[in-house]
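J.: how would this look folded up:
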Amino acid sequence: MKIAVLGSTGQTGRLVVAHALERGHEVMALARRPEQVQLPEQARVPASAGLRVVRADVTDPGSVAAAVEGADVVVSGLGVTRKQDPAVLSEGARQLASAAPRVIWLTSLGMGATQGALGAFNGALLKRVLRHEWDAKDAADRAIREAGGTTVHAGPLTDGPYRGNGHLVPAEEFAPRMIPPRAPRAGIAALMVAEAETPRFADAAGIALFENR
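T.: Numbers count the residues shown, from 1 in each chain. Sure thing, here's the model as predicted:
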């Protein structure tokens with residue numbers, strides 16, 4: 001399978017690239033600055049891995065569409081800092097929605113199709129914390145699902161190890177909780193690649209859960 005990864009220089013995106021390569025897929029790492037694409041030190045990537053780094057910038061109309069040509073699916077770990085224009089998210093999602101055959105998009109638990117999942121108080125707190133990017137993230141989520149893609153909603157991301165104890169559950173089956181479940185980035189990468197391999201959440205939202213062990 002040919003998997004394109006948007007946001008491949010980010011902490012989560014790098015793990016998606018590495019995991020997809022470990023699974024034997026051809027990977028196109030999309031990046032605004034290709035020279036910054038680096039695999040995690042712990043990545044167990046075979047020497048024969050098919051990695052291609054492709055320049056793609058959502059502020060450069062047409063570059064994203066050209067970059068994902070030939071991909072079977074696009075997995076996005078795209079995010080923004082407080083210093084970046086959040087429109088990068090909504091514009092990136094719209095470009096992928098119109099150009100990619102299928103998109104799996106990482107977003108936050110408690111917004112979009114999962115609004116209300118954290119209860120009224122924490123939901124309002126999350127909106128305040130994410131006020132810089134809230135509207136852009138919401139628009140991005142809707143654009144992906146309306147195009148038949150998948151939004152993966154995760155709680156606070158951590159750099160902890162992944163022990164194979166994660167799964168995606170439909171948003172409508174998630175019981176609201178006050179404390180958002182934490183999600184290891186490595187686990188998110190594994191779940192998103194698994195969804196790419198075996199689609200279960202077309203035009204739907206999946207919530208990432210990790211059982212305690």
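
J.: what mean pLDDT does stretch 182-202 have?
T.: The average of the pLDDT scores along stretch 182-202 is 96.

J.: buried ones in it?
T.: For stretch 182-202, burial by neighbour count (16 or more other Cβ atoms under 10 Å) applies to 183-196, 201. (Each C-beta comes from the backbone N, C-alpha and C, glycine too.)

J.: need the per-residue pLDDT for the residue nearest to the spatial centre of the chain.
T.: Nearest to the mean C-alpha position of the chain, counting by Cα atoms, centre = their mean, stands residue 106 at 2.7 Å. Residue 106 is assigned a pLDDT of 97 by the prediction.

J.: in what helix or strand does it lie?
T.: Using DSSP states H and E, residue 106 sits in strand 103-108.

J.: what's the following helix or strand after that strand?
T.: Using DSSP H and E, the helix or strand that follows strand 103-108 towards the C-terminus is helix 119-129.

J.: so the residue nearest to the centre of the chain bridges to which residues?
T.: Legend: beta-bridge partners of residue 106 under DSSP bridges are residue 152.

J.: that one against residue 188, yeah?
T.: Yes - contact criterion Cβ atoms under 8 Å: residue 106 and residue 188 qualify, at 6.6 Å.

J.: who touches both of these two?
T.: Common neighbours of residue 106 and residue 188 (criterion: Cβ atoms under 8 Å, 6 or more residues apart in numbering): 12, 77, 152, 154.

J.: which of these fall in helices?
T.: residue 12 (DSSP state H).

J.: compare the shared contacts of residue 106 and residue 188 and tell me which is most surrounded.
T.: Within these, most neighbours by other Cβ atoms under 10 Å means residue 154, with 28 neighbours.

J.: surely it meets residue 110?
T.: No - between residue 154 and residue 110 there is no contact under Cβ under 8 Å: 10.1 Å.

J.: residue 8 and residue 54, how far apart?
T.: Remark: distance between residue 8 and residue 54 (Cβ to Cβ, to the nearest Å) = 9 Å.

J.: equivalent analysis for residue 158, please.
T.: Distance from residue 158 to residue 54, by Cβ to Cβ: 29 Å.

J.: next: residue 133.
T.: For residue 133 relative to residue 54 (Cβ to Cβ), the value is 25 Å.

J.: that'll do, ta.
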